[in-house]
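K.L.:
Return atomic coordinates for the entry below.
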Amino acid sequence: MTLLTEIANPWNPDDDDIETIMLNSEFKDLRQFSRASNYVFLATLTHPQFQEGLVVYKPAQGEQPLWDFPPDLYQREVAAYQLSRLLNWNIIPPTIIKPDGPHGIGSIQLFINHDPNEHYFYLQETLGISGEIDYGKSNSVKRTNPLVKLDYSFLRLAILDIIINNADRKAGHILRDQEDNIWGIDNGLSFHTERKLRTVIWDYSGVEIPPDWSSQLEKLHALITDSRSDQQLFSMLSEEEISAMLARLENLIKTGTLPEMFYERCVPWPLI
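P.N.:
Down below sits the predicted model:
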């Protein structure tokens with residue numbers, strides 16, 4: 001059986017046309033992930049110009065019903081990506097709705113080349129990730145250091161998870177690619193109106209949000225407030241969910257720091 005570490009995706013998440021390429025490609029074959037709670041497939045897509053690429057396909061009809069989330073979780077996968085795009089944060093792999101999948105409509109997310117053994121706890125312990133960020137005068141220099149770059153990437157993902165109210169940020173949902181970029185996957189359990197944040201990234205509680213990131217959050221708030229009908233994001237969320245997201249965003253901007261754990265169920269299960 002082929003291991004994930006032996007799979008290489010030639011398609012690049014930094015390609016400006018990657019969404020169009022994914023949308024205009026056809027399915028060639030599917031390989032099901034056996035441990036997923038819903039039907040999830042590693043799919044090979046073919047494109048007349050860009051040959052073959054790999055995506056993760058999550059069809060709506062393969063979702064298990066949940067008592068606290070409405071159906072069509074695949075839309076929340078896309079909404080999380082859309083929000084990260086509005087922030088100009090490359091932290092969620094390109095994700096779109098594919099209406100003509102082999103098992104019907106669903107989301108497809110660009111597969112990121114990674115070692116699945118390198119989950120959040122592994123990276124944190126093996127590489128010595130500190131969870132402590134000193135902005136200081138050398139801020140721009142510090143962010144170019146490979147280890148410090150990961151610290152900043154984890155912090156950025158923690159902020160995004162607070163905004164989208166991610167209820168399932170397991171350690172295995174955090175990937176590192178070969179260029180030391182961090183990616184957050186499996187974002188379907190997000191955007192609930194009730195406070196449901198469950199994540200393994202609590203090492204940055206109390207850390208101040210970088211000033212330039214605070215400005216980006218303020219711009220995001222203004223964009224969402226002023227142009228709800230103009231963004232694909234809003235067609236996938238209810239008015240109540242958008243209002244709740246704005247409230248979380250406002251609180252982050254007001255406090256300027258990441259929150260502390262607020263009750264015992266602030267972590268997912270299992271952790272990895």
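
K.L.:
so where do the strands sit in this protein?
P.N.:
When secondary structure is read from DSSP state E, the chain shows strands at 26-32, 41-47, 51-59, 95-98, 106-110, 174-176, 182-184.

K.L.:
name the helices or strands packed onto the third one?
P.N.:
The one in question is strand 51-59. Taking 3 or more CB pairs under 8 Å, 6 or more residues apart in numbering; DSSP states H and E as the contact definition, the neighbouring helices and strands of strand 51-59 are helix 18-23, strand 26-32, strand 41-47, helix 73-86, strand 106-110. C-beta coordinates here come from the backbone N, C-alpha and C atoms, glycine included.

K.L.:
What pairs with that strand, parallel or antiparallel?
P.N.:
Sheet partners assigned to strand 51-59 using DSSP bridges are listed as strand 41-47 (antiparallel), strand 106-110 (antiparallel).

K.L.:
so which of these gets nearest Glu19?
P.N.:
Go through the strands paired with strand 51-59 one by one with CB to CB and the one that ends up closest to Glu19 is strand 106-110, at 9.0 Å.

K.L.:
start to end distance for stretch 53-64?
P.N.:
Using CA to CA, to the nearest Å, the end-to-end distance of stretch 53-64 comes out at 27 Å.

K.L.:
what's next to that stretch, contact-wise?
P.N.:
Outside of stretch 53-64, the residues within contact range by CB atoms under 8 Å, 6 or more residues apart in numbering are 7, 9-11, 21-22, 25, 27, 30, 37-45, 47, 71-74, 77, 98, 101-111, 185, 188.

K.L.:
Can you flag the buried ones in these?
P.N.:
9, 11, 21-22, 25, 27, 38-45, 47, 72-74, 77, 98, 101, 106-111, 185, 188 (16 or more other CB atoms under 10 Å).

K.L.:
thinking again about what came up before, tabulate the strands paired with strand 51-59 (JSON lines), appending mean pLDDT.
P.N.:
JSON lines is the format used below for these (pLDDT from 0 to 100):
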{"stretch": "strand 41-47", "mean pLDDT": "97"}
{"stretch": "strand 106-110", "mean pLDDT": "98"}
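
K.L.:
can I get these in TSV with distance to Leu66?
P.N.:
Shown next, in TSV, are these (distance: least, CB to CB, whole Å):
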stretch	distance to Leu66
strand 41-47	20
strand 106-110	16
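
K.L.:
quick one, helices of the chain?
P.N.:
Along the chain, counting by DSSP state H, helices occupy 18-23, 73-86, 120-126, 139-142, 146-164, 211-226, 239-255.

K.L.:
Now do the buried residues in the third one.
P.N.:
Of all the residues in helix 120-126, those buried under the rule 16+ other CB under 10 Å are Tyr120, Tyr122, Leu123, Gln124.

K.L.:
quick one: pLDDT of Glu26?
P.N.:
At Glu26, the model reports a pLDDT of 97.

K.L.:
If you could redo that for Arg228, that was the one I meant.
P.N.:
At Arg228 the predicted local distance difference test score is 64.

K.L.:
With the one 5 residues further on instead?
P.N.:
Predicted confidence (pLDDT) for Leu233: 76.

K.L.:
Near it, how many other residues are there?
P.N.:
Neighbour count for Leu233, taken as other CB atoms under 10 Å: 22.

K.L.:
List the contacts of it.
P.N.:
Counting by CB under 8 Å, 6+ apart, the residues that Leu233 touches are Ala79, Gln82, Leu83, Leu86, Ile224.

K.L.:
low-scoring pLDDT stretches of this structure, where are they?
P.N.:
In the predicted model of the chain, residues 1-3, 5, 128-147, 228-231, 264 satisfy pLDDT under 70.

K.L.:
can I see the domain layout of it?
P.N.:
4-110, 120-255 (automatic domain parsing).

K.L.:
Go through the ones you listed and name the closest to Leu271.
P.N.:
Ranking the domains of the chain by their distance to Leu271 (criterion: CB to CB) puts domain 120-255 first, at 5.7 Å.

K.L.:
Tell me if I'm right that Leu23 and Pro99 touch.
P.N.:
No. Checked against CB atoms under 8 Å, the pair Leu23 and Pro99 is beyond contact range at 9.2 Å.

K.L.:
So for the two, which residue has more residues nearby?
P.N.:
When neighbours are counted by other CB under 10 Å, Leu23 and Pro99 differ, and Leu23 comes out ahead with 15 against 9.
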